[in-house]
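[1] Give me the fold of what follows.
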Amino acid sequence: MQKMKLLLKNSLILLLLCTASTHAQNSSVTLTQSPEFEQMLAEKRRINPSITVTDKYKIQIYNGDSETSKKSLAEFKKEFRQFDGTIVFSTPSYKVWVGNFKTRIEAERNLAAVRKKYPNAFLVRPNK
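    A predicted model of the protein is given here:
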C-alpha cells in the first residue's frame, strides 16, 4: 500500500510538472559580420569560380594539356588584367575560361577584343 501511495504521489507530481504552463523568453539576435569575412569570401569566389553555381558567360581561350593551359592563362592575365581566369578540367583536357559576364551582349563585346589575340576563343555558359 505504501508503494502505491508513493507511486500515485510521484505520478501526480509528474503530471503537474508536464501540464504546467511555461513562458519562453523573448529575445532578438543581432549578427554582425566582419568585413574581412566578406573580402575573404569574394576572394575565394574569384580564385575558384567553378565551385559556385552561376548563370554567367565566360570566354574559352584554350583547350588542351595542363602545362599549356597554365601558360595560356598566365599570358592572358598579363595582357588582359581586367578579367579573372580559371582552368577547368573536363576529361580528357583542360580548358581555360576567362571573364565573368552577366549578359551575352557584354560577353560578345569582350570576345571581340579577346579574339584579336586568341582567334579561336568562343563563348561558354557553364552548367549549373
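[2] Helices along this structure, start to end?
    Under the criterion DSSP state H, helices of the chain are mapped to 2-19, 35-47, 66-79, 104-115.
[3] Save these as CSV, and put in distance to residue 98, mean pLDDT and mean neighbour count too.
    Any C-beta I mention is one placed from the backbone N, CA and C, and that applies to glycine too. Output for the helices of the chain, formatted as CSV (distance: least, CB to CB, whole Å; pLDDT from 0 to 100; neighbours: other CB atoms under 10 Å):
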stretch, distance to residue 98, mean pLDDT, mean neighbour count
helix 2-19, 65, 66, 9
helix 35-47, 12, 78, 10
helix 66-79, 6, 93, 14
helix 104-115, 7, 93, 15
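[4] can you redo these as a markdown table with distance to residue 123?
    As requested, the helices of the chain are exported to a markdown table (distance: least, CB to CB, whole Å):
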| stretch | distance to residue 123 |
| --- | --- |
| helix 2-19 | 66 |
| helix 35-47 | 20 |
| helix 66-79 | 16 |
| helix 104-115 | 5 |
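[5] Nearest to residue 121, out of those?
    For the helices of the chain, proximity to residue 121 was assessed by CB to CB; helix 104-115 is nearest, at 4.9 Å.
[6] Run through who's touching the closest one.
    Residues outside helix 104-115 that contact it (CB atoms under 8 Å, 6 or more residues apart in numbering) are 57, 58, 59, 61, 80, 83, 98, 99, 101, 121, 122, 123.
[7] I only care about these that end up buried; give me the ChimeraX line for that.
    ChimeraX command restricting the contacts of helix 104-115 to the buried ones, with burial defined by 16 or more other CB atoms under 10 Å:
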select :57,58,59,61,80,83,98,99,101,121
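[8] would you turn the contacts of helix 104-115 into JSON lines with pLDDT and distance to residue 112?
    Shown next, in JSON lines, are those (pLDDT from 0 to 100; distance: CB to CB, whole Å):
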{"residue": "57", "pLDDT": "92", "distance to residue 112": "14"}
{"residue": "58", "pLDDT": "94", "distance to residue 112": "15"}
{"residue": "59", "pLDDT": "94", "distance to residue 112": "10"}
{"residue": "61", "pLDDT": "96", "distance to residue 112": "13"}
{"residue": "80", "pLDDT": "91", "distance to residue 112": "13"}
{"residue": "83", "pLDDT": "90", "distance to residue 112": "14"}
{"residue": "98", "pLDDT": "94", "distance to residue 112": "14"}
{"residue": "99", "pLDDT": "92", "distance to residue 112": "12"}
{"residue": "101", "pLDDT": "91", "distance to residue 112": "13"}
{"residue": "121", "pLDDT": "94", "distance to residue 112": "10"}
{"residue": "122", "pLDDT": "94", "distance to residue 112": "12"}
{"residue": "123", "pLDDT": "94", "distance to residue 112": "11"}
